[in-house]
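Participant: Fold the following.
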Amino acid sequence: MTGAAGDALWNNGAVWGKMLRLKCTEARNAVPHPWAGDNVNVKIVDHFSGYPSTIDLSREAFNQIANPVT
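Facilitator: All right, here's what the predicted structure looks like:
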């Protein structure tokens, strides 16, 4: 599973290719998205900027740690 690092983590590409173990602990917005409580391992393969989040997860990774509204 993969993810993209925001500016806060990117560090001029130092995090590229690293494996991170993540866990969803709370919602980031007012819309309720209950989290599953599972961990997910993601490889950082890209960089994004201009968003408040620090990691943008692939759909597969997000679905593992959250119960998305469909």
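
Participant: mind listing what residue 59 touches?
Facilitator: Listed by Cβ atoms under 8 Å, 6 or more residues apart in numbering, residue 59 has no contact partners. Quick note: C-beta positions are derived from backbone N, CA and C, even for glycine.

Participant: pLDDT score assigned to it?
Facilitator: We have a pLDDT of 91 for residue 59.

Participant: Give me the phi and psi angles of it.
Facilitator: phi -60, psi -40 (degrees, to the nearest 10).

Participant: Next: residue 10.
Facilitator: Per degrees, to the nearest 10, the backbone of residue 10 is at phi -60, psi -50.

Participant: Is it correct that it is in contact with residue 47?
Facilitator: Yes - with contact defined as Cβ atoms under 8 Å, residue 10 reaches residue 47; the gap is 4.9 Å.

Participant: And stretch 12-29, what's buried?
Facilitator: By neighbour count with 16 or more other Cβ atoms under 10 Å, stretch 12-29 contains the buried residues 22, 24.

Participant: what residues does that stretch touch?
Facilitator: Contacts for stretch 12-29 (Cβ under 8 Å, 6+ apart): 3, 5, 9-10, 33, 35-45, 47, 52-53, 55, 57, 61, 65-66.
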